[in-house]
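Peer 1: coordinates only, sequence not included:
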């Protein structure tokens, strides 16, 4: 039963992110990358807030890997803000280690992309 709830949370967050992305694309006419980043950051921030809110209840929590996946998908700024504003997952070393690994990987990717596109490499 618990496994189904985890899948529902993950699928729900992915669906929510995709719906926001489509709304931004269709109605606000934003560039695809910008639409995706706004959508995934909104979903990530809400996920951190929701998970913090239900942390003291018996409701099944959002899996840490789902929160990390949202950060990896581009929601790193919102994940960081959610961790600070909601004081959520900041003392859990295994989570923060994964989070900062994502930050380092994304930073390296952006640096390499910049070097390639500006012909510095």
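Peer 2: Yes, it's here. Here the structure is a predicted model, which is why all the values come from computation and not from measurement. Residues are numbered from 1 along each chain as shown.
Peer 1: got the residue ranges for the helices in this protein?
Peer 2: Here the chain has its helices, by DSSP state H, at 2-27, 32-53, 64-70, 76-85, 93-117.
Peer 1: poorly predicted segments of this structure, please.
Peer 2: Residue ranges of the chain with pLDDT under 70: 1-5, 120-121.
Peer 1: 90 instead?
Peer 2: 1-14, 24, 26, 28-31, 54-63, 65, 87-92, 113-121 (pLDDT under 90).
Peer 1: taking the centroid of this protein, which residue is nearest it?
Peer 2: Closest to where the C-alpha atoms of the chain average out (C-alpha atoms, centre = their mean) is residue 70, at 2.6 Å.
Peer 1: ok, for that one, nearest residue in space, not its chain neighbours?
Peer 2: residue 44 (4.2 Å; C-beta to C-beta, 6 or more residues apart in numbering). All C-beta spots, glycine's among them, are computed from the backbone N, C-alpha and C.
Peer 1: for residue 73, same thing?
Peer 2: Once flanking residues are discounted, residue 73 sits nearest to residue 40: 5.1 Å by C-beta to C-beta, 6+ apart.
Peer 1: hmm, residue 76 and the one you found touching each other?
Peer 2: No: Residue 40 is beyond contact range of residue 76, at 9.3 Å (criterion: C-beta atoms under 8 Å).
Peer 1: who's more crowded, these two?
Peer 2: Shown here are residue 40 and residue 76; by other C-beta atoms under 10 Å, residue 40 has more neighbours (27 against 21).
Peer 1: for the more buried one, give me its contacts.
Peer 2: Residue 40 makes contact with 17, 21, 70, 73, 74, 75, 78 under the criterion C-beta atoms under 8 Å, 6 or more residues apart in numbering.
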